[in-house]
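# sequence first, then the predicted structure, then my questions.
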Amino acid sequence: MLQGASTELGQACVTTLFTILLLTQGGIFLTHPQLATLSCDRPNSNLGICKLMLSSLLGKKVVPFPLTQLEGAEVKHHGKLRQLVLLLPDGKLHFPVNHGFSDTEGKATQINAFLQNSEIQSLSLRQDSRWATYPMGLIMTGFGSCLIWSYISNLLKRFSSRSDL
């Protein structure tokens, strides 16, 4: 009997940890920005303004900065995933990690070419990973929620059967 209780407790712990992991990762996919838009306008020579807009299900964040502060762009590698990084004198602005199939290196090249050629009047880039991450986040939170519901319903059945004794 003690052996069975020990095994049951172990299974409950593993299920609980797995469920927490699923819900957390699914929540991260759903709430972190997955859409980023960079727009820069240069009406005359090097004077101009840029805006990085990051959007998620929770809202939008707009980061404006002078074009003169944009020093370049680089790509940060996270295993097989890529992240576009804007280089500024006081730090870096990070695009969301690219979970889609868009060309991150191409976007960095496009930004750097815009900075080197003052005849180009505007730049507009968009990275959209929502189609890849939102379904995955929904699947993870849905599966985690089903595990919780199944676990709680089994507990309630056990307690109700024990109270019948």
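Received the coordinates, thanks. Numbering: from 1, shown residues only.

# average pLDDT for the longest helix along the chain?
Looking across the chain with DSSP state H, the single longest helix is helix 130-163. The average pLDDT within helix 130-163 is 78.

# show me what it is packed against.
helix 2-31 (3 or more C-beta pairs under 8 Å, 6 or more residues apart in numbering; DSSP states H and E). In this view, the C-beta of every residue, glycine as well, is placed from N, C-alpha and C.

# what angle do helix 130-163 and the helix it packs on make with each other?
Interaxial angle, helix 2-31 versus helix 130-163 (axes from the mean of the first three to the mean of the last three C-alpha atoms, to 10 degrees): 150 degrees.

# measure residue 59 to residue 35 for me?
From residue 59 across to residue 35, the span is 12 Å (C-beta to C-beta, to the nearest Å).

# more neighbours: those two, which one.
Shown here are residue 59 and residue 35; by other C-beta atoms under 10 Å, residue 35 has more neighbours (16 against 8).

# what about the residue lying closest to that one once chain neighbours are set aside, which SS state?
Leaving out its chain neighbours, the residue that sits closest to residue 35 by C-beta to C-beta, 6 or more residues apart in numbering is residue 55, at 4.2 Å. Classification of residue 55 using DSSP: H, G, I helix; E, B strand; the rest coil returns strand.

# for residue 55, give me the pLDDT.
Each residue has a pLDDT score; the one for residue 55 is 85.

# is it in a bridge, and if so with what?
Beta-bridge partners for residue 55, by DSSP bridges, are residue 35, residue 60.

# check contacts around it.
By C-beta atoms under 8 Å, 6 or more residues apart in numbering, the contact set of residue 55 is 33-37, 61.

# what's the answer for residue 71, then?
Contacts of residue 71 (C-beta under 8 Å, 6+ apart): 87-89, 115.

# now do residue 34
55-56, 96, 99, 128-130, 133-134.
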